[in-house]
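A.B. asks: Fold the stuff below for me.
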Amino acid sequence: MKTLAQIINAIRPLNTDAMQDMSDKLDGLLKPTGSLGQLETLAIQLSGISHSTDIHFERKQIIVMAADHGVFDEGISVSPQIVTQIQMLNMTKGVTGVCVLAKNAGAEVLLVDTGIKCAPIEGVLNHKVRADGSGNIAKQAAMSRCEAVTLLENSARLAIEQVNNGIQLIGVGELGMGNTTPAAAIVSVLCHVDPQLTVGVGANLPTDKLAHKVAVVRKAIEVNQPDSNDGIDVLAKVGGFDLGGMAGVMIGAASAGVPVVLDGFLSYAAALIAIQIAPNARPYLISSHRSAEYGAGVALNNLGLKPYLDMEMRLGEGSGAAMAFPIIDAACVMANQMGTLAGSNIELPV
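C.D. replies: The predicted structure follows:
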């Protein structure tokens with residue numbers, strides 16, 4: 001099996017010739033030059049990833065990484081921790097937000113347990129790092145460095161396996177009560193900003209408890225002293241199993257040469273980890289929507305990504321990624337099915 005380093009080294013740069021060919025192709029379509037805006041930018045990116053102007057993604061999949069977090073004990077969530085397990089059971093029934101939105105977009109959903117505090121669930125891949133969830137980052141590291149590397153490797157291999165089985169487009173999602181706290185810690189560390197700028201209400205935390213959540217994130221950083229130049233160290237010290245799982249999927253998908261569609265704030269944090277570890281993965285990332293979570297802008301600015309949607313969503317699960325899949329389909333049909341100016345004897349002024 002390939003190591004993390006080998007998986008990272010296999011990530012290819014985007015094909016600039018294909019991107020230029022797509023740009024020329026788009027300019028020749030039956031429309032004013034550049035009139036489809038970001039849809040054209042997306043088509044060019046997809047061509048660079050696919051190494052072809054014939055872009056199409058029939059099989060799409062959202063990989064949902066789920067885990068519980070020790071920092072839940074610090075009172076940073078209003079939902080009971082058992083909701084992680086309950087919602088994962090609901091996902092196996094296909095009734096959660098991501099499941100219905102993915103079905104509507106013609107996408108599959110793959111459920112992965114990286115550390116829910118329960119017995120293995122039927123219909124869910126068992127990739128538990130620990131059966132009792134990650135460590136309480138306000139008091140200790142979330143996981144050991146060895147656990148972090150193994151998590152990244154296993155998740156990257158999973159993404160590669162899915163591509164080998166015919167998946168052409170991957171979205172990421174997560175599930176874990178309290179996980180916006182480690183996400184805010186990651187964003188604070190890797191974007192070099194105070195937690196005051198990254199901590200939000202998550203799953204409806206009362207605003208009068210925000211100061212406490214900020215203090216918990218600040219304490220986690222002080223206790224663990226993560227190295228911002230070492231993404232694995234940051235993940236191990238102030239991250240979580242679901243976040244590390246998403247980061248691994250991003251790296252694996254990039255290594256396998258397929259686009260990765262981000263969800264919201266949690267996936268932004270995971271993306272920051274992924275590109276710190278594997279900078280060449282950045283061009284493979286597509287930002288689906290602008291999360292309504294408070295620190296979203298900080299993370300997106302650091303990632304250099306512009307979301308295609310702004311729906312004021314903060315559900316998570318991969319719901320935003322599912323919403324973006326039809327936009328990707330639209331970019332493909334535009335490039336593949338529109339008529340040409342030349343075919344209609346139309347000449348535009350230079």
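
A.B. asks: all helices for the stretch 201-350 of the chain, in order.
C.D. replies: Ranges of helices in the stretch 201-350 of the chain, per DSSP state H, counting those that start in this stretch, are 210-224, 231-238, 241-256, 265-277, 296-303, 319-337.

A.B. asks: Next, count neighbours for I55.
C.D. replies: Around I55 there are 25 other residues, counting by other C-beta atoms under 10 Å. Every residue, glycine included, has its C-beta placed from N, CA and C.

A.B. asks: I'd assumed V333 was in contact with it.
C.D. replies: No. Using C-beta atoms under 8 Å, I55 makes no contact with V333, being 9.7 Å away.

A.B. asks: what do these two both touch?
C.D. replies: Where contact means C-beta atoms under 8 Å, 6 or more residues apart in numbering, no residue is in contact with each of I55 and V333.

A.B. asks: Identify the residues contacting A105.
C.D. replies: Taking C-beta under 8 Å, 6+ apart as the test, what A105 contacts is K60, A322, M323, F325, P326.

A.B. asks: what do you get if the cut-off is 7 Å, keeping everything else the same?
C.D. replies: K60, A322, F325, P326 (C-beta atoms under 7 Å, 6 or more residues apart in numbering).

A.B. asks: ok, so what distance separates the closest residue to the second one other than its chain neighbours from N136?
C.D. replies: Beyond its immediate neighbours in the sequence, the residue positioned closest to A322 (C-beta to C-beta, 6 or more residues apart in numbering) is L101, lying 3.8 Å away. Distance check for L101 against N136: by C-beta to C-beta, to the nearest Å, it reads 33 Å.

A.B. asks: give me every residue that touches the closest residue to A142 other than its chain neighbours.
C.D. replies: Leaving out its chain neighbours, the residue that sits closest to A142 by C-beta to C-beta, 6+ apart is S134, at 4.2 Å. Taking C-beta under 7 Å, 6+ apart, we find S134 in contact with A67, H69, G70, G115, A142, M143, G240, F241.

A.B. asks: Show me what S134 bridges to in the sheet.
C.D. replies: Applying DSSP bridges to S134 gives these bridge partners: H69.

A.B. asks: what sits up against the strand or helix carrying T181?
C.D. replies: In the assignment (DSSP states H and E), T181 maps to helix 180-191. When contacts are defined by C-beta under 7 Å, 6+ apart, helix 180-191 is touched by residues 69, 71, 76, 137, 142, 194-195, 198-200, 202, 213, 216-217, 220-221, 226, 228, 234, 238-240, 243, 265-266, 268-269, 272-273, 276, 293, 295, 298-299, 302.

A.B. asks: For PyMOL, what selects the buried ones among those residues?
C.D. replies: Listed next is the PyMOL selection for buried residues among those, using 16 or more other C-beta atoms under 10 Å:
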select buried, resi 69+71+76+137+142+195+198+199+200+202+213+216+217+220+221+226+234+238+239+240+243+265+266+268+269+272+273+276+293+295+298+299+302
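
A.B. asks: Number of residues surrounding T150?
C.D. replies: Residues within reach of T150, counting by other C-beta under 10 Å, total 17.

A.B. asks: Repeat that for the one 5 residues further on.
C.D. replies: Residues contacting S155 under the criterion other C-beta under 10 Å number 27.
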